[in-house]
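Participant: Quick one, what's the 3D model for this:
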Amino acid sequence: MTKLERLKREGREAAERRGHIMTRYATDRTFGIDSAVAHCKRCGKGVFIDTHPAPNSIDIGGEAGALGCED
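Facilitator: As a prediction, this is how the structure comes out:
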């Protein structure tokens, strides 16, 4: 399992624990850095994945992973 796959799974699990129903991840590879984003189908909050975050950033972020769904 790659780092991106592991982070995507962890992000989806965090969002689903908070009641979100997530879309499939859209992935991007810019400048050799993998990233992905998925959104809740009901409220639109997202989970964002960055495999190489800046020193003052995190690898899994977004409102869906931190807040409950507001359907």
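Participant: what about G62, neighbour count?
Facilitator: 20 (other C-beta atoms under 10 Å). For the C-beta atoms, the positions are set from N, CA and C on the backbone; glycine is no exception.
Participant: That one reaches F48, doesn't it?
Facilitator: Yes - at 4.5 Å, G62 and F48 qualify as touching, with contact defined as C-beta atoms under 8 Å.
Participant: okay, and the common contacts of the two?
Facilitator: 11, 37 (C-beta atoms under 8 Å, 6 or more residues apart in numbering).
Participant: Let me know the secondary structure of the residue nearest to G19 when sequence neighbours are not counted.
Facilitator: Counting by C-beta to C-beta, 6 or more residues apart in numbering, the nearest residue to G19 once its immediate chain neighbours are dropped is C69, at 4.0 Å. Assigned by DSSP: H, G, I helix; E, B strand; the rest coil, the conformation of C69 is coil.
Participant: Thank you kindly, that will do.
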